[in-house]
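Sequence and predicted structure are below.
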Amino acid sequence: MNSAATLAILRFSMQVPPTEAGILEARDALLADLRVLELREPQRFAIELCTHEALVNALVHGVRNGGGGHIGLVCEADGARVRVSVTDDGPGFSRAHAGPSRLPPKGSACPGSRGLFLIHSLMSHTWFNASGNGIVMELTLAADSSPARRLPILEWAGAAPPGREFPAMNRRHACLLNSPQSATRHW
Amino acid sequence: MLIEQSTIRNAALVTLEGRFEFGTRNEYKRVIGQIVQDGYQQLVLDLERVTFLDSSALGLLLLTDQNFKLKKGSFSIVKPTGYVRQVLELTNLPTVIPVFNSVDDAINGAAPA
């Protein structure tokens, strides 16, 4: 975001089809809508990869692990940050598996646990709900954001992450608010 | 994702192009599985034209490495670029799988990049 004239607020929410094709299409749909923010390439890449990792986790560890088949993707963005939330109705996972130190030791050939590590490394803030089946990832768009300023993973209590409600959406709704050319798209 | 396979001296060279991720993992597994079955002792994987790589791909790279180490063979990666390279370095993959700047270096077993 480079100037007040292009400041935009974006809200995207979608019930994601609980299939491989569905999660990839949802990821691509979000990235397409985020183009309006004119993110720098490193920011765009970080959001793409982390959204992708969270959606894959929701499908593999949520839906395919006893969940009812519901995956929600929500994104809210303004000039200062992009916040992406992914939830599923699966059994969740242990918080012990979500900490930033979950990367296997250097030189280890353990083939698991890298998705959450990537999310924590690339995002500015990460929250999990108590059940372990909801994640909120936030990227600060300030020019001086850097991995060295990683904050610890936080947990929110209750049904919704801090400052935001998770709407029950039955359709994709991308809404551009407070921009010089407001546009609302539904399908 | 496009996958090309060739043989250089006695090594299998696999070149990937496009997105190496959760949605394309089965194609990779099929090709590598065949290479293992064909008895190759050396596999070189060219990632220069890979544009996106996720944790599923990272896991597959490590499993490939395990497979070749089990049969006392070798597995190496060539020319990852841009954000793909950054993801590999972020997760310390080069400490497990050697990364080379060229296919020749990988096949000749020169010092990793």
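Received the coordinates, thanks.

Show me the contact partners of the helix or strand containing residue A:45.
Assigned by DSSP states H and E, residue A:45 belongs to helix A:41-57. Contacting residues not belonging to helix A:41-57 are listed as A:16, A:23-24, A:26-27, A:30-31, A:34, A:39, A:71, A:73, A:75, A:82, A:84, A:86, A:115-116, A:118-119, A:122-123, A:135, A:137, A:139, A:141, B:21-22, B:52, B:54-56, B:83, B:87 [CB atoms under 8 Å, 6 or more residues apart in numbering or on different chains]. From N, CA and C alone the C-beta is placed, and that goes for glycine too.

any chance you could map the strands in chain B?
Applying DSSP state E to chain B gives strands spanning B:2-8, B:11-20, B:42-53, B:74-78, B:99-100.

just checking, residue B:9 touches residue B:108?
No. The pair residue B:9 / residue B:108 is not scored as a contact, 9.2 Å apart, by CB atoms under 8 Å.

Compare these two (neighbour count), which wins?
Shown here are residue B:9 and residue B:108; by other CB atoms under 10 Å in any protein chain shown, residue B:108 has more neighbours (11 against 8).

Could you export stretch A:16-33 as CSV, CA atoms only?
Output of stretch A:16-33 as CSV, limited to C-alpha atoms (Å, rounded to 0.1, in the frame of the first residue of the first chain):
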residue,chain,number,x,y,z
VAL,A,16,-14.0,-24.1,0.9
PRO,A,17,-15.0,-27.4,-0.8
PRO,A,18,-13.3,-30.1,1.2
THR,A,19,-11.4,-31.5,-1.7
GLU,A,20,-7.8,-31.1,-3.1
ALA,A,21,-9.1,-29.1,-6.0
GLY,A,22,-11.3,-27.1,-3.7
ILE,A,23,-8.6,-25.9,-1.4
LEU,A,24,-6.3,-25.0,-4.3
GLU,A,25,-9.0,-23.1,-6.0
ALA,A,26,-9.8,-21.3,-2.8
ARG,A,27,-6.2,-20.3,-2.3
ASP,A,28,-6.0,-19.0,-5.9
ALA,A,29,-9.3,-17.1,-5.5
LEU,A,30,-7.9,-15.3,-2.4
LEU,A,31,-4.7,-14.5,-4.1
ALA,A,32,-6.6,-13.1,-7.1
ASP,A,33,-8.6,-10.8,-4.8
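
Residue A:63 and chain B, how far apart?
13 Å (CB to the nearest CB, to the nearest Å).

Can you tell me the SS state at that residue?
Assigned by DSSP: H, G, I helix; E, B strand; the rest coil, the conformation of residue A:63 is helix.

Helix, strand, or coil at the nearest residue to it once chain neighbours are set aside?
In this structure, residue A:63 finds its nearest non-sequential neighbour in residue A:18, 4.4 Å apart by CB to CB, 6 or more residues apart in numbering or on different chains. Of the three states, residue A:18 takes coil under three-state DSSP.

coming back round to it: for the helix holding residue A:45, buried residues please.
A:43-57 (16 or more other CB atoms under 10 Å in any protein chain shown).

quick one, longest helix in chain B?
In chain B, assigned by DSSP state H, the helix with the most residues is helix B:55-70.

Now it: average pLDDT?
For helix B:55-70, the mean per-residue pLDDT is 94.

That one vs helix A:41-57, what angle?
Using axes from the mean of the first three to the mean of the last three CA atoms, to 10 degrees, the direction of helix B:55-70 lies 80 degrees away from that of helix A:41-57.
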